[in-house]
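Asks: Quick one, what's the 3D model for this:
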Amino acid sequence: MPNFVKDVEDIRKRAREKMEEGAVTSTYKGDVDKTIQILNEALATEIVCVLRYMHHYFMATGVHARTVADEFKEHADDEREHADMLAERIQQLGGKPDFNPRNLLERSISQYVEGETLAEMIREDLIAERTVIEVYQEMIRYFGTNDPTTRSILEHLLKEEEDHASDLADLLYITNPETGKTEGEDPAIEDLPRPKANQPQASPEEAAVDEEKHSKDKASILKQLRKMGGKKSDRAA
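Replies: The predicted structure follows:
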């Protein structure tokens with residue numbers, strides 16, 4: 001078995017030095033300032049993705065867009081968690097997570113494109129995910145063994161972004177549940193399969209419940225967004 005600890009006293013001596021640097025020890029092989037800069041770019045990207053997915057979730061309303069809207073919301077929740085993970089790592093490295101909206105789009109890898117139809121929303125999200133996937137792969141190669149913790153975080157994010165891209169690619173094709181055939185690549189609301197007349201329709205009461213849930217979801221997401229990074233800001237203060 002390899003002996004990783006050759007001189008405990010020497011390690012303890014180094015640990016006592018520059019204790020204010022917290023998790024950053026003398027054995028850290030990366031460039032701390034460069035790492036923080038890269039992570040803030042990734043943080044801006046995740047925040048932009050949250051905003052874009054939020055907009056798509058709120059705008060993809062109606063019976064036929066309900067499933068797609070739920071997918072948008074799930075992705076927005078994931079991106080918010082990604083932002084928290086990145087902000088946490090930046091703080092661990094002694095940096096300051098940059099939540100300043102003024103330069104958000106300049107730092108972000110992905111763009112904020114709203115889209116006019118459901119099809120455009122899906123395509124814009126898929127383009128953004130594919131862009132992020134490629135950039136995160138490059139980031140992972142850059143960190144290599146110099147910063148295993150940051151690399152591990154990005155690997156986790158990359159896996160979920162790949163899952164998102166796969167989900168969105170599936171949404172490009174709308175399947176008719178009666179024939180099992182695809183209806184094409186344009187999942188615009190008006191092109192989705194319509195329920196038959198003999199199929200049960202949502203009652204006014206059910207519609208009201210759905211609308212209330214949608215409103216609560218919107219309020220919850222907006223509240224979480226406003227609080228995003230608040231914990232770390234309080235700590236820094």
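
Asks: contacts and neighbour counts: CA atoms only from here.
Replies: Fine.

Asks: Buried ones in the strand or helix carrying residue 67, by neighbour count?
Replies: Assigned by DSSP states H and E, residue 67 falls within helix 66-92. Neighbour counts using 16 or more other CA atoms under 10 Å place 68-69, 71-73, 75-91 of helix 66-92 among the buried residues.

Asks: Quick one: residues in contact with the helix or strand just after it.
Replies: Next along the chain after helix 66-92, taking DSSP H and E as the criterion, comes helix 104-107. Helix 104-107 is touched from outside by 40-41, 44-45, 48, 111-112, with contacts defined as CA atoms under 8 Å, 6 or more residues apart in numbering.

Asks: Quick one: buried ones out of those?
Replies: Looking at the contacts of helix 104-107 with 16+ other CA under 10 Å, the buried ones turn out to be 40-41, 44-45, 48, 111-112.

Asks: okay, now residue 167: neighbour count?
Replies: 16 (other CA atoms under 10 Å).

Asks: Just want the angle from the helix or strand hosting residue 138 to helix 66-92.
Replies: For residue 138, the host element (DSSP H and E) is helix 118-143. For helix 118-143 against helix 66-92, the angle by axes from the mean of the first three to the mean of the last three CA atoms, to 10 degrees is 30 degrees.

Asks: Touching, residue 146 and residue 35? I think so.
Replies: No: using CA atoms under 8 Å, residue 146 is not in contact with residue 35, being 10.5 Å away.

Asks: So the two - more neighbours on which side?
Replies: The residue with more neighbours, out of residue 146 and residue 35, is residue 35; 20 against 14, by other CA under 10 Å.

Asks: name the helices or strands packed onto the helix holding residue 67?
Replies: The contact analysis (3 or more CA pairs under 8 Å, 6 or more residues apart in numbering; DSSP states H and E) places helix 66-92 against helix 32-59, helix 148-171, helix 230-236.
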